[in-house]
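> Here you go, sequence then predicted model.
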Amino acid sequence: MCMAILKKVEQTMMALNGDEAVAWAVKQSNVDVVSAYPITPQTIIVERISEFVNNGEMDAEFIHVESEHSALSAAWGAALAGARAFTATAANGLALMWEILYITASTRTPVVMAVVNRALSAPINIHNDHSDTMGARDSGWIQIYSEDAQEAYDNTIMAFRIAEESLFPVMVTLDGFTISHTLQNVSVLPDDVVSEFVGVRRIPRIKLPRIHGDKEIPLMLNPKYPITFGPLDLYDYYFEHKVQQNEAMKETFPIIERVHREFGEISGRSYDPVFMVPYRTEDADVVILGLSSTMSVVRKIVDDLRSEGKKVGAIRLRVFRPFPADHLRKELSEFHAVGVLDRCISFGGEGGPLFTEVRSALYGLPSRPIVHDYIYGLGGRDLPHSLIRKIYEELLSARAEPEVPVVRYVGVRE
């Protein structure tokens, strides 16, 4: 993980896997309601939280539900009533939440959800790829991708602040098994430090003059001041509300940056720059851009190739929604070629979802790099060092971008 250490702070080093790291973050974040339904490889998160609640270590309402659809429905309802709410899922569970994903985002309800990335069925596969969260990329949730267990812990704590200050729900993702089940030393902040950082949820106040006159009322479900969320909205207003929702999502960039900066001040771990993490790019001719745990391996190959005199670098994207197009244009415009790693396939599309976003962001530049798409690792397949080296060799020898995008499937048998 690439991060600057700001200062030495009093923290406890614990051996945690990624799921446990998320559970610890939730335990410390003054969460009121957790709704849970198990699914591999997420189950450890809600199991640990249920133990914390049962042992009296966490003061929260733990709701057992009969499906993921109900898990998010319960979290949404609790958050509408003013609670700080959390849930977790993976793959098919996220797919079953589909209806409520949009409802949660469109009612601007600040639920936080951990998604342990896993391949979607069919056929059944419990291992990692990003098809689940990439499928939900347009549902109106902020998406933050974690590289390891430490970052999953940090991102989960920050997510509560980001969600409640922006009034958008937040997904914190971590790679199934690669992060969720891998033991790592995790620096855990003191309970009181996290508690003070996240505080208790503050409910915005609004005016509804036709109903309550000049009186400000809390933006929540409250029998004393009855209001409605998500009522009927047809062609006369629906379009305007969706555009406003999209514009509001773009306004979350400074909130995300500020919360990261303030978290760095209490933790000593600075995620700067927030939206993408460059590695040895200062004089690089080509870079590989990707998400999550794979990029730690890519950085190892960068070091190997640098020792051979090759000018290569890497960039890890941390935030996919809102998509930091301006930051990407500034960061990528000077390179000769960019290889985009997509751990997701877009059936019938001209490349994976990360590639199409990156290529679209760069298209209007007067001088732009060659951009190649590499789809890899579906269903948990490894991306060995040799294939990453091969990608760099292709980028270094690239002479011109093809007229139509060429999708390369890395590590697949013909």
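Sure thing, it's come through.
> where does Pro405 land on pLDDT?
pLDDT for Pro405: 82.
> What strand or helix carries it?
Using DSSP states H and E, Pro405 sits in no helix or strand.
> neighbours around it, how many?
15 (other Cβ atoms under 10 Å). To be clear about C-beta, it is placed using only N, CA and C from the backbone, and glycine gets the same treatment.
> How about Glu151?
Neighbour tally, Glu151, other Cβ under 10 Å: 25.
> Give me the distance between it and Ser195.
In this view, Glu151 and Ser195 are 21 Å apart by Cβ to Cβ, to the nearest Å.
> which residues sit against the helix or strand hosting Asp304?
Element membership of Asp304 [criterion: DSSP H and E] is helix 294-307. For helix 294-307, the external contacting residues (Cβ atoms under 8 Å, 6 or more residues apart in numbering) are 1-2, 147-148, 175, 277, 279-280, 288, 290, 312-314, 316, 341, 343, 376-377, 383, 385, 388-389, 392.
> Ile206 in helix, strand or coil?
strand (DSSP: H, G, I helix; E, B strand; the rest coil).
> ok, now how distant is it from Met220?
In terms of Cβ to Cβ, Ile206 sits 10 Å off from Met220.
> neighbour-wise, which of the two wins?
Met220 (19 against 13).
> helix, strand or coil for that one?
Met220 - assigned by three-state DSSP - is coil.
> Name the nearest residue to it, sequence neighbours excluded.
Computed as Cβ to Cβ, 6 or more residues apart in numbering, the closest residue to Met220 that is not its neighbour in sequence is Gly82, at 4.4 Å.
> so the one you found makes contact with Arg205?
No - applying Cβ atoms under 8 Å, one finds Gly82 not in contact with Arg205, separated by 12.0 Å.
> which residues are in contact with both of these two?
By Cβ under 8 Å, 6+ apart, Gly82 and Arg205 have these common neighbours: Pro218.
> Which of those two has more residues huddled nearby?
Taking neighbours as other Cβ under 10 Å, Gly82 and Arg205 compare with Gly82 leading, 16 against 11.
> do you know how far the more buried one is from Phe197?
Counting by Cβ to Cβ, the gap from Gly82 to Phe197 is 20 Å.
> Helices of the stretch 101-250 of the chain, residue ranges please.
For the stretch 101-250 of the chain, the helices defined by DSSP state H, counting those that start in this stretch cover 131-135, 149-166, 191-198, 209-212, 238-250.
> just to revisit the earlier point, generate the PyMOL command that creates a selection of the buried members of the contacts of helix 294-307.
In PyMOL syntax, the buried subset of the contacts of helix 294-307 is picked out as below (16 or more other Cβ atoms under 10 Å):
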select buried, resi 1+147+148+175+277+279+280+288+290+312+313+314+316+341+343+376+377+383+388+389+392
